[in-house]
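Trainee: sequence-free structure coming up:
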């Protein structure tokens, strides 16, 4: 597609539930990144994929968070047993080696009640 | 460890004033990229500029200019003759050679008519 697409744009879930957030990167971009942005803060790195594999998952806060990119394009961020502290905007970005910058999606605003 | 500090949390100016957003970074890497992103109220991060650590030339793009000084680890951003449409949160970010971005906390710029 023309840009990075993230769905849903908004998600409200109850504490303890499981959620999946989807990212559809720019076609052909091999690198995909997930970031989390809490209110009033800058985005914080979660995980980076190069192709299908997670090249760096050092930002995932704990084992409730998991991400996949099985075919090297669409990625899904999965959060188990959600907690109120998981409420944030989850941003996805994609890029290609040699490209001039990352392109970010509009994000998914997750609210855990 | 890598860190980006944007000491100005909020700045308010009147249209047509010049404004400078400060960014100071810390890294032990000798090779790295520095970025500025704009985040308007819609929430999407918009790429403005990328500089690599070997290129200390200042850059001008229309009303925007960037001053990179390695000696003081600073990468400041100036908007000349500000406009209401410049109102947004601006983020400075650091990246070790095209991998994950480390963002500052952002500076909220309000340009009043």
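Mentor: Perfect, I can see it now. Predicted, not measured: the structure shown is a model, and the values here were computed from it.

Trainee: what stretches of chain B score poorly on pLDDT?
Mentor: B:97-98 (pLDDT under 70).

Trainee: How about the contacts made by residue B:49?
Mentor: With C-beta atoms under 8 Å, 6 or more residues apart in numbering or on different chains as the criterion, the residues that contact residue B:49 are B:35, B:36, B:59, B:61, B:64, B:66. C-beta coordinates here come from the backbone N, C-alpha and C atoms, glycine included.

Trainee: and it, that one's in a strand?
Mentor: Yes: counting by DSSP: H, G, I helix; E, B strand; the rest coil, residue B:49 is part of a strand.

Trainee: which of the contacts of residue B:49 count as buried?
Mentor: Burial by neighbour count, 16 or more other C-beta atoms under 10 Å in any protein chain shown: within the contacts of residue B:49 this picks out B:35, B:36, B:64, B:66.

Trainee: Chain A next: which of those are close?
Mentor: The subset of the buried ones among the contacts of residue B:49 within reach of chain A, by C-beta under 8 Å from any C-beta of the partner chain, is residue B:35.

Trainee: Switch the buried ones among the contacts of residue B:49 over to TSV; also include secondary structure and distance to residue A:92.
Mentor: Output for those, formatted as TSV (DSSP: H, G, I helix; E, B strand; the rest coil; distance: C-beta to C-beta, whole Å):
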residue	secondary structure	distance to residue A:92
B:35	strand	17
B:36	strand	20
B:64	strand	26
B:66	strand	26
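
Trainee: quick one: which of the contacts of residue B:49 is nearest residue B:29?
Mentor: Comparing the contacts of residue B:49 against residue B:29 with C-beta to C-beta places residue B:35 closest, at 14.6 Å.

Trainee: I figured the closest one hits residue B:100, correct?
Mentor: No: Residue B:35 lies out of contact with residue B:100 (C-beta atoms under 8 Å); the separation is 11.7 Å.

Trainee: The residue of chain B found nearest chain A bridge partners, please.
Mentor: The nearest approach of chain B to chain A comes at residue B:103, 3.3 Å away (C-beta to the nearest C-beta). Counting by DSSP bridges, residue B:103 forms beta bridges with residue B:93.

Trainee: burial count for it?
Mentor: Number of residues near residue B:103 (other C-beta atoms under 10 Å in any protein chain shown) recorded here: 23.
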